[in-house]
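J.: Quick one, structure for this:
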Amino acid sequence: MDKKTKNIIQRIDWYTCIKMVLWCCFIVCLLIFTIYFTVERQQYLNYRIPGVEAIDPFAGMTVREIKNLINDGTITNSTLVLAYKALYSASLAKGCYLFTNFSLMTFINSAAPAPATDPTTAWTNRANALDLAYSYMFITLLIALVALVLQIIVVGVLVKEHHKNIKCGLQTKYATSSISLSVFKIKMYTDFIISLAIVFAFFNFLSTLIVISYWILNIICWSINKKVGGNKTIDNDTMKEQKSNLQYLAFVMLYQNIYTLVKALFLSYWGVNLDLIFSIILPIGTITVIVGLFIKNLLSSKISNVSRDMKNIGNTIKTFRTFYYTNKVDALSDFAFVSILPPMIKAPLLSGKVSKVDACKLMDQLDSAIKFIEQHYASDIKQQQFMLYTLLNSVTSYEQIQEMQDNTIKLEQYYQAKKLKKAS
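T.: A predicted model of the protein is given here:
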């Protein structure tokens, strides 16, 4: 690979662009699935004509016609059970509701006997299960579209940053060299929306398979980008940093889909609707609180904690300097101090790759970098907080610090020259 090509690969965040393409494919699959799901749902709840298992005197009537008769009260009590039996018979038409049965996992137990409960309960349970699955599918698609819009904005901002990097002659060998607070914030919100869309996708078995496919392709593309461009070209949104989040989402996926399978078994064999049972045990208000707390925790892990740590970065630096200035090497014997050290020092220290004396030299370099940022970004507090947060949480080597400082000086020189040119 020639130097020019390698430089282009290092400058452009290809992984983010590829992620957007994969997310587009994810949305296309969701959209196709939602359209087919909508058509089947209309047939299932309104238009499907009962087949050979139709019950007289409702043979040949559509589902909507039978439901209208029930709602109008024109059916006598003696034939009301037959009407619901006809509706339930229509819902069991084999080969007619492929997406619906697959989504609700009823394809696993398609040969199950009729529920032991009365036909009225059986039909109501199946209709409610279908409505719930469709609602989650629709919500997932809407959230995924919001995530796509944010990803498009991210790519647009990255293109703008790319041109600025070229114009200013900035080095982008390391991801931490980026000093754009706007890119960081947009990516942070985008990751939250993507995780939210994935969580809602787990409420449907087919959309779960789409998520798994997205994950597999995402990991493959990340691996290719890592080998071609090198690990240094990938920004903070790496698989390593997503590992804990990925494990959590995998747990939610297994839990939700196992519950869906168990619910399908109970519904088909015994006519028991577990959703109805849990709605009695946990009233709608409680369920709303639980869902709200889940979203709040997801928001905290993705955004709130980062924003809080960024605002409190000054206190973290004060604590670091208190230990460092007063104790120097001896401070490294204090567990509380070591626990707040940035990866640049803590990782090699805990792994035994550096001695306490060498770690103290790294602390000297870190303190100099902190002073550099405080001096050069004194007029922009938010940008200063972001730079210090990046320094204490993402930087892993002194080379990254040097590149960050070089880029800062080049930017200052560029804007100063631009200001003088405009004044003249």
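J.: so residue 119 touches residue 79, yeah?
T.: No: using Cβ atoms under 8 Å, residue 119 makes no contact with residue 79, being 11.8 Å away. C-beta here means a position set from N, CA and C on the backbone, and glycine is covered the same way.
J.: Compare neighbour counts for the two and give me the winner.
T.: residue 119 (21 against 17; other Cβ atoms under 10 Å).
J.: what touches both of residue 119 and residue 79?
T.: Residues touching both residue 119 and residue 79 (Cβ atoms under 8 Å, 6 or more residues apart in numbering): none.
J.: Report how many residues lie close to residue 164.
T.: For residue 164, the tally of surrounding residues (other Cβ under 10 Å) stands at 13.
J.: can you tell me which residues contact it?
T.: residue 170.
J.: Could you rerun that using 6 Å?
T.: If a contact means Cβ atoms under 6 Å, 6 or more residues apart in numbering, then residue 164 has no contacts.
J.: how far is the helix or strand hosting it from where the chain is centred?
T.: Using DSSP states H and E, residue 164 sits within helix 119-168. Computed by Cα atoms, centre = their mean, to the nearest Å, the chain-centroid distance of helix 119-168 equals 10 Å.
J.: Give the other helices and strands that the next helix-or-strand element following that helix contacts.
T.: As assigned by DSSP H and E, the chain's next helix or strand after helix 119-168 is helix 181-201. Contact here means 3 or more Cβ pairs under 6 Å, 6 or more residues apart in numbering; DSSP states H and E; on that basis helix 181-201 packs against helix 119-168, helix 205-229.
J.: who wins for proximity to residue 374 among those helices?
T.: For the helices and strands packed on helix 181-201, proximity to residue 374 was assessed by Cβ to Cβ; helix 119-168 is nearest, at 22.0 Å.
J.: what's the angle between that closest one and helix 181-201?
T.: Relative orientation of helix 119-168 versus helix 181-201 (axes from the mean of the first three to the mean of the last three Cα atoms, to 10 degrees): 160 degrees.
J.: what about helix 119-168, average pLDDT?
T.: Mean pLDDT, helix 119-168: 82.
J.: contacting residues for residue 402?
T.: Contacts of residue 402 by Cβ under 6 Å, 6+ apart: none found.
J.: Please identify which helix or strand holds it.
T.: helix 398-423.
J.: Next, the buried residues of that helix.
T.: Across helix 398-423, burial judged by 16 or more other Cβ atoms under 10 Å covers 400-401, 403-405, 407-408, 411.
J.: Over to stretch 342-350?
T.: 342, 344-346, 348-349.
J.: For the stretch 251-400 of the chain, give me the ranges with low pLDDT.
T.: By pLDDT under 70, the low-scoring segments of the stretch 251-400 of the chain are 267-268, 271, 273, 275-276, 278-295, 297-298, 300-302.
J.: and residue 317, what is it in contact with?
T.: residue 370.
J.: Could I have the CA atoms of whichever strand or helix holds it written out in PDB?
T.: Assigned by DSSP H and E, residue 317 belongs to helix 313-327. C-alpha atoms of helix 313-327 as PDB (Å, rounded to 0.1, in the frame of the first residue of the first chain):
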ATOM      1  CA  ILE A 313     -13.400  17.000  34.900                       C
ATOM      2  CA  GLY A 314     -11.900  19.900  36.800                       C
ATOM      3  CA  ASN A 315     -12.500  18.200  40.200                       C
ATOM      4  CA  THR A 316     -10.900  15.000  38.800                       C
ATOM      5  CA  ILE A 317      -7.800  17.000  37.800                       C
ATOM      6  CA  LYS A 318      -7.700  18.700  41.200                       C
ATOM      7  CA  THR A 319      -7.800  15.300  42.900                       C
ATOM      8  CA  PHE A 320      -5.000  14.000  40.600                       C
ATOM      9  CA  ARG A 321      -2.800  17.100  41.300                       C
ATOM     10  CA  THR A 322      -3.400  16.900  45.000                       C
ATOM     11  CA  PHE A 323      -2.000  13.300  45.200                       C
ATOM     12  CA  TYR A 324       0.600  13.900  42.500                       C
ATOM     13  CA  TYR A 325       2.100  17.200  43.700                       C
ATOM     14  CA  THR A 326       2.300  16.100  47.400                       C
ATOM     15  CA  ASN A 327       3.400  12.500  47.100                       C
END
